[in-house]
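Engineer: Got a sequence here, can you model it:
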Amino acid sequence: MKEKLTEEKVFKDPVHHYIYVQDQTVWDLINTKEFQRLRKIRQLGTSYLTFHGAEHSRFSHSLGVYEITRKIISQFERHGYPDWPKEERLVSLCAALLHDVGHGPFSHSLEEVFDTDHEEWTCKILLENTEINRVLRNVSDDFPGKVAAVIQKTYPKPIVVSLISSQMDADRMDYLLRDAFFTGVNYGTFDLERILRVLRPFKGQIVVKESGMHAVEHYLMSRYQMYWQIYFHPVTRSSEIILRQIFRRAQQLYGGGCAFDWLPDSIKGLLAGTMDVHDYLKLDEALVQTTFAQWAEERDPLLSDLCDRFMNRRLYKYITIDNPDESLLNEISDAFVSIGLDPDYHMEIDFPFDLPYDVYRPDKKEGEKKEKAPILLLSGEDEVSEISAKSDIVRSITGLHQGQYHLYYPEEPLLRAASDLPERVKQLFYIKGV
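Structural biologist: Numbering: from 1, shown residues only. Here you go, the predicted model:
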């Protein structure tokens, strides 16, 4: 198999302007059906219901991560840095391109309900009987395992893993810029070119020249702003809650023997927990939304209402609660039951701490599965230090978890039954004039 394309392929991209493909393997991977499926998986899940421009896909993001990785490696090779292992170029590019190929529809919400892991599905797609596996095996029989090891963070050369998964990796750099662009906000932008110029391979890890510290501070502050303004947005959280409730209700009904009027085989496998790679790859957001549209006509009133809410953006409202105590939540729950609501589905306390995002933490915390390498600064004397030891700005946001408790609920039933609610509950939900 030839290693290089006869003619370089170019994708026009709104974030990076151009994405360049020079390797036959990378081009062949892009054209597999498993990678093309990512066109039908949104990068930001339900955020399009909050920011109408957020329709960009994991396909475009994956190309962007590949391009940033390509730029980093090209710079290392152009300068002839001895600490960069040149033989790792192709495995790095392939891992960058394929790191998200295992994402399912609405990604993290689906994973939470069905206890799945997109990285595990990614590795199955790489290692089992798929078009992607066949392309990778054309390089060598052990090449799919090498790419999977990078994604699993078990690859024997940490410098390769850190390109794709660290506190300042190609994945994060692309999704911040791309998500900022498509949501129409400015505070997610940072000087990518400056950061790329100050990255260095050093003793088996990637470091940043100390003179580039301010560019990294800008990157981390942009990340901080994006998390609180975009990823933690309370309206997006409402849509995610309803999405999870739909999956939970459908799973509950299916486990109870309900005969759905509409149940595609791949959705059946999802609810039953019996999916193989073939079934999983049939799942995309078009299928899920078609299913929801059909379920809006289901006989179960709860599932029908939840699907109608999601499809027509009739989201739950929310109120802010300071340190909710058990007695208050029990009082609200009892009030909801008294007017015919189900607290398991019609009230949910949410705090953004539980999202799969973090602003910046230099080390692993208890209970975390995988550690992301911290950002390291390289001094002129070849001394390495973790950035929060040098930067007051970074230290101020290190490990920071702030936010408010929000209680989500359907507003209409409360308004209809307002006269039957306890006075304290009416005041809490700002129900007046009853």
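Engineer: Next up, the contacts around His16.
Structural biologist: Applying Cβ atoms under 8 Å, 6 or more residues apart in numbering, one finds that His16 lies in contact with 64, 67-68. Bear in mind the C-beta positions are built from the backbone N, C-alpha and C, glycine included.
Engineer: now, which of those residues lie within helices?
Structural biologist: Using DSSP state H to define helices, the subset of the contacts of His16 located there is 64, 67-68.
Engineer: on that earlier part again, out of the contacts of His16, which one sits closest to Ile125?
Structural biologist: For those, the minimum distance to Ile125 (Cβ to Cβ) is 19.8 Å, reached by Gly64.
Engineer: wait, what's in contact with that closest one?
Structural biologist: Residues near Gly64 by Cβ under 8 Å, 6+ apart: 13, 15-16, 19, 174-175, 177-178.
Engineer: now with 6 Å?
Structural biologist: By Cβ atoms under 6 Å, 6 or more residues apart in numbering, the contact set of Gly64 is 15, 174, 178.
Engineer: which among the contacts of His16 gets closest to Phe51?
Structural biologist: Closest to Phe51 out of the contacts of His16 is Gly64 (18.2 Å), distances taken as Cβ to Cβ.
Engineer: Would you quantify the distance from that closest one to Ile72?
Structural biologist: Distance of Gly64 to Ile72, computed by Cβ to Cβ, to the nearest Å: 13 Å.
Engineer: cool, and Leu49?
Structural biologist: On the measure of Cβ to Cβ, Leu49 and Ile72 end up 34 Å apart.
Engineer: which one of the two has more residues nearby?
Structural biologist: Between Leu49 and Ile72, counted using other Cβ atoms under 10 Å, Ile72 has the larger neighbour count: 22 against 18.
Engineer: leaving aside the residues next to it on the chain, what's closest to Glu285?
Structural biologist: Using Cβ to Cβ, 6 or more residues apart in numbering and skipping residues adjacent in sequence, the residue nearest Glu285 is Pro105, 4.3 Å away.
Engineer: what mean pLDDT does the longest strand seen in the chain have?
Structural biologist: Ranked by residue count under DSSP state E, the longest strand found in the chain is strand 4-13. Computed over strand 4-13, the mean pLDDT rounds to 96.
Engineer: Which strands and helices lie in contact with it?
Structural biologist: Contacts defined by 3 or more Cβ pairs under 6 Å, 6 or more residues apart in numbering; DSSP states H and E place strand 4-13 against strand 17-23, helix 24-30.
Engineer: what helices or strands is the first one leaning on?
Structural biologist: By that I understand strand 17-23. For strand 17-23, the packing partners by 3+ Cβ pairs under 6 Å, 6+ apart come out as strand 4-13.
Engineer: can you give me the angle the strand it packs on makes with strand 17-23?
Structural biologist: Angle between the axes of strand 4-13 and strand 17-23 is 160 degrees (criterion: axes from the mean of the first three to the mean of the last three Cα atoms, to 10 degrees).
Engineer: dump the residue contacts of Pro410.
Structural biologist: Counting by Cβ under 6 Å, 6+ apart, Pro410 touches 316, 346.
Engineer: just Thr183 next, same as before
Structural biologist: 51, 54, 230.
Engineer: can these go into JSON lines with extra columns for neighbour count and distance to Ala389?
Structural biologist: Below are those laid out as JSON lines (neighbours: other Cβ atoms under 10 Å; distance: Cβ to Cβ, whole Å):
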{"residue": "Phe51", "neighbour count": "19", "distance to Ala389": "36"}
{"residue": "Ala54", "neighbour count": "22", "distance to Ala389": "36"}
{"residue": "Ile230", "neighbour count": "22", "distance to Ala389": "29"}
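Engineer: now those residues as JSON lines including pLDDT and secondary structure?
Structural biologist: Putting the contacts of Thr183 into JSON lines (pLDDT from 0 to 100; DSSP: H, G, I helix; E, B strand; the rest coil) gives the following:
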{"residue": "Phe51", "pLDDT": "97", "secondary structure": "coil"}
{"residue": "Ala54", "pLDDT": "97", "secondary structure": "coil"}
{"residue": "Ile230", "pLDDT": "93", "secondary structure": "helix"}
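Engineer: Return the closest of these with respect to Glu297.
Structural biologist: With Cβ to Cβ as the yardstick, the closest approach to Glu297 among those comes from Ala54, at 28.1 Å.
Engineer: doesn't Leu44 make contact with the closest one?
Structural biologist: Yes: with contact defined as Cβ atoms under 6 Å, Ala54 counts as touching Leu44 (4.6 Å).
Engineer: hey, where'd the strands end up in this structure?
Structural biologist: Using DSSP E, the strands assigned to the chain run over residues 4-13, 17-23, 199-202, 205-209, 317-321, 348-350, 376-378, 384-386, 405-409.
Engineer: and of these, who's closest to Pro158?
Structural biologist: strand 205-209 (6.0 Å).
Engineer: so what does the closest one touch, helix or strand wise?
Structural biologist: Packing partners of strand 205-209 (3+ Cβ pairs under 6 Å, 6+ apart): helix 158-164, strand 376-378.
Engineer: Need the ones you listed in CSV (columns: distance to Leu220).
Structural biologist: Conversion of the helices and strands packed on strand 205-209 to CSV gives the following (distance: least, Cβ to Cβ, whole Å):
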stretch, distance to Leu220
helix 158-164, 16
strand 376-378, 13
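Engineer: Quick check: buried residues in the helix or strand bottoming out on mean pLDDT in the chain?
Structural biologist: Comparing helices and strands within the chain by mean pLDDT, DSSP states H and E singles out helix 392-397 as the least confident, with a mean of 83. Taking 16 or more other Cβ atoms under 10 Å as the basis for neighbour counts, the residues of helix 392-397 that come out buried are 393-394, 397.
Engineer: For the longest strand of the chain, list the C-alpha coordinates in CSV.
Structural biologist: As requested, C-alpha coordinates have been extracted for strand 4-13 and formatted as CSV (Å, rounded to 0.1, in the frame of the first residue of the first chain):
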residue,chain,number,x,y,z
LYS,A,4,1.4,9.1,0.5
LEU,A,5,-1.4,10.4,-1.8
THR,A,6,-0.4,11.3,-5.3
GLU,A,7,-2.2,14.6,-4.8
GLU,A,8,-2.8,16.3,-1.5
LYS,A,9,-6.5,16.5,-0.5
VAL,A,10,-7.9,19.7,1.1
PHE,A,11,-11.0,20.3,3.1
LYS,A,12,-12.3,23.9,3.5
ASP,A,13,-12.9,24.5,7.1
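Engineer: what's the closest of the contacts of Gly64 to Cys94?
Structural biologist: The shortest gap between Cys94 and any of these belongs to Asp174, at 16.2 Å (Cβ to Cβ).
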